[in-house]
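Kindly return the folded structure for what I paste below:
(one chain, ligands or ions: 3)
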Amino acid sequence: MRRLCVIPGDGIGQEVVPVAVRVLERLLPDLQVTEAEAGWDCFQRLGQSVPEATLQAMRDCGAGLFGAVSSPSNAVAGYRSAILTLRQQLALGVNLRPVRSWPGLSDRSGVDLLILRENSEGLYVGKEHMATADLAIAECHISRQASEHIAQRASEIAKLRTSRRITLVHKANVLPLTCGLFRDSCRKVLDAHGLSALVDERLVDVAALQLVERPEEFDLIVTTNLFGDVLSDLASHWGGGLGLAPSLNWGQGIALAEPVHGSAPDIAGSGRANPLAAVLSAGLLLRYHWQLIEQADRLDRAVEGLLRSMGKADWGKHTTRRAEQELIARL
Ligand code: NAD
Ligand code: IPM
Ligand code: MN
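Ligands and ions are numbered 1, 2, ... in the order given. As a prediction, this is how the structure comes out:
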């Protein structure tokens, strides 16, 4: 029996997560679901964006599905984006973000890449301070341990893929200590797995250009936290945009699936949210965390069938409901 902690969060998280849960329940009839709360609305009610009960529910289940949360752009005392707290507290050290071109939808064919984004450190350690009234300082932490951990995951995944190219993306020309440590630690692990012949590196600026110019040449991209954040939104364009971009926050024996998009306040409540990013994120749980490959393939085939049958014009006022009906019919 599999257990799943469901954290819909704010805005369209409340609309897309239930669809992904019903899809998972179709594929895993004995799935046991526990609901938990997190986010801005939760913070306003309880004074915490991630209550301890939510962390405990995640630990108990070992797997979760997160929707999205809203965050104000200005600092609010005591508030930190719930997803950052979850990643940190649950030691979800790797963020897996695949992008593939879908028939009939993407304006490019042949894209099938996977970004592995370091998920715990870099500029995301949350250590900012005002040194003086005119100088703000943010710390960037890169550790050998976290870098080796992501490279270890990259090695395991590379062995499952057919094209097997690994691109380390960094900015070691400007940041030789932090980015240099990341690159060297990754290389060491990849070498130990006999993969050095497949490893290549790019500076992040040129990687961004090449992801626009010739995305089909990338296979596995391994990079630090902020670079992975930016490059994964950019690359998601080739997979049909944010409405179709899935991700998996992945630790040791625990994982939290999460669409890349946010709470989309501009369309929340309109019925127009695309649930496929959340559904595909659930598919990553099946494939990578639970290693239920047959079910993961069934889910991907159902999404592919839906995208083939529904033209762009069919996505509109009833997107969330129509997509669910079409998916369930295909499973
Ligand atoms: P967003 O991803 O919420 O929305 C960007 C644009 O994409 C909007 O026009 C939105 O309507 C559209 N969009 C996003 N997901 C969609 C879907 N499934 N179907 C159809 N259209 C979709 O990003 P934003 O507007 O920059 O941020 C809104 C809020 O979400 C902010 O408070 C931000 O902090 C938060 N956010 C949270 C997460 C997260 O929880 N992981 C990620 C990004 C942003
Ligand atoms: C993402 C989001 C988050 C991030 C935000 C909401 C904190 O953009 O998951 O990509 O920056 O990691
Ligand atoms: Mn992001």
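
what residues does the chain put near ligand 1?
The interface of the chain toward ligand 1, taken as Cβ under 6 Å from any ligand atom, is made up of 12, 16, 68-71, 83, 242-243, 258, 261-267, 273-274, 277. For glycine as for every other residue, the C-beta is placed from the backbone atoms N, C-alpha and C.

which regions of the chain sit below the pLDDT cut-off?
By pLDDT under 70, the low-scoring segments of the chain are 106, 312-314.

where along it do the strands fall?
Remark: strands assigned in the chain by DSSP state E are 3-9, 32-35, 63-68, 94-100, 112-118, 128-132, 135-138, 166-170, 199-203, 220-223, 248-250, 255-257.

So Arg321 versus Val16, what's the distance?
12 Å (Cβ to Cβ, to the nearest Å).

More neighbours: which of these two?
Val16 (29 against 13; other Cβ atoms under 10 Å).

Now for that one: which residues touch it?
67, 259, 273-275, 277-279, 320 (Cβ atoms under 8 Å, 6 or more residues apart in numbering).

which non-adjacent residue is nearest the residue of the stretch 151-300 of the chain found nearest ligand 1?
Using Cβ to the nearest ligand atom, Gly262 is the residue of the stretch 151-300 of the chain that sits closest to ligand 1, at 2.3 Å. Nearest non-adjacent residue to Gly262, counting by Cβ to Cβ, 6 or more residues apart in numbering: Ala68, 4.9 Å away.

what's the answer for Leu299, then?
Distance criterion Cβ to Cβ, 6+ apart; nearest residue to Leu299, sequence neighbours excluded, is Gly283 at 4.3 Å.

Report how many residues lie close to the one you found.
Neighbour count for Gly283, taken as other Cβ under 10 Å: 28.

Which residues are in contact with it?
Residues near Gly283 by Cβ under 8 Å, 6+ apart: 246, 296, 299-300, 303.

Now distance to Leu231 too, for the residues you listed, in CSV please.
Listed next are those as CSV, based on distance: Cβ to Cβ, whole Å:
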residue, distance to Leu231
Pro246, 15
Ala296, 24
Leu299, 25
Asp300, 23
Val303, 23
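
any idea how this protein splits into domains?
1-94+242-331, 107-239 (automatic domain parsing).

Which one of these lies nearest to Arg100?
Minimum separation from Arg100 across these (Cβ to Cβ) falls at domain 107-239, 4.7 Å.

Indicate whether that closest one makes contact with ligand 2.
Yes - judged by Cβ under 6 Å from any ligand atom, domain 107-239 comes into contact with ligand 2 through Asp229.

ranges for the helices of this protein?
Secondary structure of the chain by DSSP state H: the helices cover 13-27, 40-46, 52-61, 82-89, 144-158, 178-192, 204-213, 225-236, 276-284, 293-309, 319-330.

Buried deepest among those, which one?
Most buried of the helices of the chain by mean neighbour count (mean count of other Cβ atoms under 10 Å) is helix 276-284; its value is a mean of 28.

how about it against ligand 2, any contact?
No - using Cβ under 6 Å from any ligand atom, helix 276-284 never reaches ligand 2; the gap is at least 11.1 Å.

Which residue lies nearest the spatial centre of this structure?
Residue closest to the mean C-alpha point of the chain, counted by Cα atoms, centre = their mean, is Ser247 at 2.4 Å.

pretty sure that residue contacts Ser232?
Yes - contact criterion Cβ atoms under 8 Å: Ser247 and Ser232 qualify, at 7.3 Å.

what is in contact with the two at once?
Common neighbours of Ser247 and Ser232 (Cβ under 8 Å, 6+ apart) are 95, 97, 260.

which of the residues you listed tops the neighbour count?
Within these, most neighbours by other Cβ under 10 Å means Arg97, with 26 neighbours.

residues near Ala136, how many?
10.

Repeat that for Pro265.
Counted with other Cβ under 10 Å, Pro265 comes out at 11.

Who are the contact partners of it?
Contacts of Pro265 by Cβ under 8 Å, 6+ apart are 11, 70.

Distance check, it against ligand 2.
To ligand 2, Pro265 is 13 Å away according to Cβ to the nearest ligand atom, to the nearest Å.

Let me see the backbone angles for that residue.
Phi and psi for Pro265, reported as degrees, to the nearest 10, are phi -60, psi -20.

Could you do Trp102 as well?
The phi/psi pair for Trp102 (degrees, to the nearest 10) is phi -110, psi 140.

Nearest to Ala20, out of the strands of the chain?
strand 63-68 (6.0 Å).

coming back round to it: which among the helices of the chain is found nearest to Pro103?
Nearest of the helices of the chain (Cβ to Cβ): helix 293-309, 5.4 Å.

Columns distance to Ser101 on top of the domains of the chain, output as CSV?
As requested, the domains of the chain are exported to CSV (distance: least, Cβ to Cβ, whole Å):
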stretch, distance to Ser101
domain 1-94+242-331, 10
domain 107-239, 4
